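Undergrad: The amino acid sequence is not available; the structure is as follows:
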């Protein structure tokens, strides 16, 4: 997973449409159309991995964009890695998605409420679980970023690494969707805490932000708003990384 640093486009879905939220808040979304069209656009631009999120599932606790996700999986085929999160609450849910063709499932609320789920899935599907540690005000938040847990991201990351997580997806909710730049300190803390890949998300506004996260030790970066708003292209960002 991510043998070299990768720029990963986000396809966040709400009510069957691609959206981007500001600071993780419902009601702040901007809509960007059909998920299949977005996914195909990023694949044509050179994406090796797609980051899919069922936002309705994240907020409501059960998957709500299954049809759109199935359509994306059918459209992109086996040549592109797909990681999927949002509303996955049980091991059976996760395993069914992995068997359907998802390469990695992203667990947030489920992993906080039942850490052993990470080990349970990893026993039959090694290297398939990303644990999502979304931080707001320095603590891990769950249920669509609405509930604090009191957990320190670095301490939580170590726990999940020991349970067999393939990687940590870290979202800095305080800067998510704002196109105001990234904060590298929290990413560096996580990278120092674990030996598994850390995928960074939140706040990316420029190619320099992408390069800063690579320098902080992230294995990849998920980018949403900046790509959809045309702040830079996927090709330009990946080229800048490759040329360093």
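TA: Looks like it came in fine. Since this is a predicted model, take the numbers as computed values, not measurements.
Undergrad: can you give me the strands in the protein?
TA: Remark: strands assigned in the chain by DSSP state E are 6-14, 17-22, 25-31, 49-54, 81-85, 104-107, 129-136, 139-142, 147-148, 167-172, 198-201, 220-223.
Undergrad: neighbouring strands for the last one, and are they parallel or not?
TA: Right, the one you point to is strand 220-223. Strand pairing for strand 220-223, determined by DSSP bridges: strand 6-14 (parallel), strand 198-201 (parallel).
Undergrad: and what of the fifth one?
TA: Strands flanking strand 81-85 in the sheet, each with its direction: strand 49-54 (parallel), strand 104-107 (parallel) (DSSP bridges).
Undergrad: With distance to residue 21 added, can I get the ones you listed in TSV?
TA: Heads up, the C-betas are built off the backbone N, CA and C, glycines and all. Formatted as TSV, the strands paired with strand 81-85 follow (distance: least, C-beta to C-beta, whole Å):
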stretch	distance to residue 21
strand 49-54	10
strand 104-107	16
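Undergrad: Output those strands in CSV, with mean neighbour count, distance to residue 236 and mean pLDDT appended to each entry.
TA: Shown next, in CSV, are those (neighbours: other C-beta atoms under 10 Å; distance: least, C-beta to C-beta, whole Å; pLDDT from 0 to 100):
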stretch, mean neighbour count, distance to residue 236, mean pLDDT
strand 49-54, 25, 18, 96
strand 104-107, 26, 26, 97
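Undergrad: Buried residues in stretch 171-179, which are they?
TA: 171, 172, 173, 174, 175, 176, 177, 179 (16 or more other C-beta atoms under 10 Å).
Undergrad: next one: stretch 121-129
TA: 121, 122, 125, 128, 129.
Undergrad: Would you mind measuring from the second one to residue 165?
TA: Separation of residue 122 from residue 165 (C-beta to C-beta, to the nearest Å) stands at 7 Å.
Undergrad: Overlap of the contact sets of the two?
TA: The contact sets of residue 122 and residue 165 overlap at residue 129 (C-beta atoms under 8 Å, 6 or more residues apart in numbering).
Undergrad: Can you report how many residues lie near residue 33?
TA: 12 (other C-beta atoms under 10 Å).
Undergrad: Tell me what the residue lying closest to it once chain neighbours are set aside is bridged to.
TA: Nearest residue to residue 33, sequence neighbours excluded (C-beta to C-beta, 6 or more residues apart in numbering): residue 18, at 5.8 Å. Following DSSP bridges, residue 18 is listed with bridge partners residue 13.
Undergrad: contacting residues for residue 18?
TA: 11, 12, 31, 32, 33, 34, 35, 38, 228.
Undergrad: same thing but at 10 Å, please
TA: 10-12, 29-39, 52, 55, 68, 224, 228 (C-beta atoms under 10 Å, 6 or more residues apart in numbering).
Undergrad: how near is it to residue 65?
TA: In terms of C-beta to C-beta, residue 18 sits 10 Å off from residue 65.
Undergrad: what's the overlap in contacts for those two?
TA: 12, 35, 52, 55.
Undergrad: can you give me the mean pLDDT across stretch 153-167?
TA: Confidence for stretch 153-167, expressed as mean pLDDT, is 97.
Undergrad: That stretch: which residues count as buried?
TA: So for stretch 153-167, counting by 16+ other C-beta under 10 Å, buried means 153, 154, 156, 157, 158, 160, 161, 163, 164, 165, 166, 167.
Undergrad: Take the residues you listed and lay them out in JSON lines including distance to residue 215.
TA: Shown next, in JSON lines, are those (distance: C-beta to C-beta, whole Å):
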{"residue": "153", "distance to residue 215": "19"}
{"residue": "154", "distance to residue 215": "19"}
{"residue": "156", "distance to residue 215": "24"}
{"residue": "157", "distance to residue 215": "19"}
{"residue": "158", "distance to residue 215": "23"}
{"residue": "160", "distance to residue 215": "24"}
{"residue": "161", "distance to residue 215": "22"}
{"residue": "163", "distance to residue 215": "29"}
{"residue": "164", "distance to residue 215": "28"}
{"residue": "165", "distance to residue 215": "24"}
{"residue": "166", "distance to residue 215": "23"}
{"residue": "167", "distance to residue 215": "19"}
